[in-house]
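*Asks:* no sequence for this one, just the structure:
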């Protein structure tokens with residue numbers, strides 16, 4: 001039985017989301033294996049959890065999002081931006097554990113912080129644009145206030161270097177994500 005256009009297009013999206021989750025899980029496994037030579041850092045661990053949850057939420061929240069992009073390359077490209085950004089976050093969040101010697105999650109976090117939070121800031125912006133321009137959603141939806149706060153917090157992560165702030169920021173982002181899921185996203189699609 002041939003694939004319909006929605007199923008066909010969802011394959012590429014599924015691959016990109018799967019690669020991001022695979023990278024996170026592999027990195028987490030390598031972190032556990034290398035734990036004796038890794039100096040742990042709370043904000044990194046919270047960021048790993050947040051990026052994993054964001055991948056799952058993207059998958060969950062976009063069930064049935066196919067008809068809007070079936071006949072339009074640019075609409076599909078706009079849809080694909082989300083998983084691509086999530087994949088990049090999954091690559092940035094953890095160091096390469098295959099290298100020898102001691103590893104500092106804090107040093108890796110600080111080195112990649114501008115890229116990580118710059119990409120994280122792009123996520124709610126691209127999501128809102130995609131929803132409004134491609135899906136035809138209203139500008140104000142139940143998710144939009146959460147996206148605005150997430151964007152503001154991501155901007156603070158980009159601009160503020162304080163390790164104390166980044167510990168608080170990780171907890172705030174996880175709490176915001178949990179609140180958004182409880183209030184808006186328990187149903188797929």
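*Replies:* On my side now, so go ahead. The model shown is predicted, which means the values in this text are computed figures rather than measured ones.
*Asks:* Quick check: next helix or strand after the lengthiest helix in the chain?
*Replies:* Taking DSSP state H as the criterion, the chain has its longest helix at helix 5-33. Beyond helix 5-33 on the C-terminal side, the first helix or strand identified by DSSP states H and E is strand 38-39.
*Asks:* Flag every buried residue along the longest helix of the chain.
*Replies:* For helix 5-33, burial by neighbour count (16 or more other C-beta atoms under 10 Å) applies to 9-10, 13, 16-17, 19-21, 23-24, 27-28, 30-31. In short, each C-beta sits where N, CA and C put it, glycine included.
*Asks:* Same list, the residues you listed, but as JSON lines with distance to residue 126 and pLDDT please.
*Replies:* Shown next, in JSON lines, are those (distance: C-beta to C-beta, whole Å; pLDDT from 0 to 100):
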{"residue": "9", "distance to residue 126": "18", "pLDDT": "79"}
{"residue": "10", "distance to residue 126": "18", "pLDDT": "83"}
{"residue": "13", "distance to residue 126": "14", "pLDDT": "88"}
{"residue": "16", "distance to residue 126": "14", "pLDDT": "96"}
{"residue": "17", "distance to residue 126": "15", "pLDDT": "95"}
{"residue": "19", "distance to residue 126": "18", "pLDDT": "97"}
{"residue": "20", "distance to residue 126": "15", "pLDDT": "97"}
{"residue": "21", "distance to residue 126": "19", "pLDDT": "98"}
{"residue": "23", "distance to residue 126": "20", "pLDDT": "97"}
{"residue": "24", "distance to residue 126": "20", "pLDDT": "98"}
{"residue": "27", "distance to residue 126": "24", "pLDDT": "97"}
{"residue": "28", "distance to residue 126": "26", "pLDDT": "97"}
{"residue": "30", "distance to residue 126": "29", "pLDDT": "96"}
{"residue": "31", "distance to residue 126": "29", "pLDDT": "97"}
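*Asks:* So which of the residues you listed is the closest to residue 119?
*Replies:* residue 20 (12.0 Å; C-beta to C-beta).
*Asks:* Which other helices and strands does the longest helix of the chain contact?
*Replies:* Here helix 5-33 touches helix 42-61, helix 73-92, going by 3 or more C-beta pairs under 8 Å, 6 or more residues apart in numbering; DSSP states H and E.
*Asks:* Let me know which of those helices is the nearest to residue 136.
*Replies:* With C-beta to C-beta, the closest approach to residue 136 among the helices and strands packed on helix 5-33 belongs to helix 73-92: 10.7 Å.
*Asks:* Just checking the distance from stretch 7-19 to the centre of its chain.
*Replies:* When distances are taken as C-alpha atoms, centre = their mean, to the nearest Å, stretch 7-19 is centred 15 Å away from the chain's centroid.
*Asks:* Identify the residues contacting that stretch?
*Replies:* For stretch 7-19, the surrounding residues in contact (C-beta atoms under 8 Å, 6 or more residues apart in numbering) are 3, 55, 58-59, 62, 66, 69-70, 76, 79-80, 83-84, 86-87, 90.
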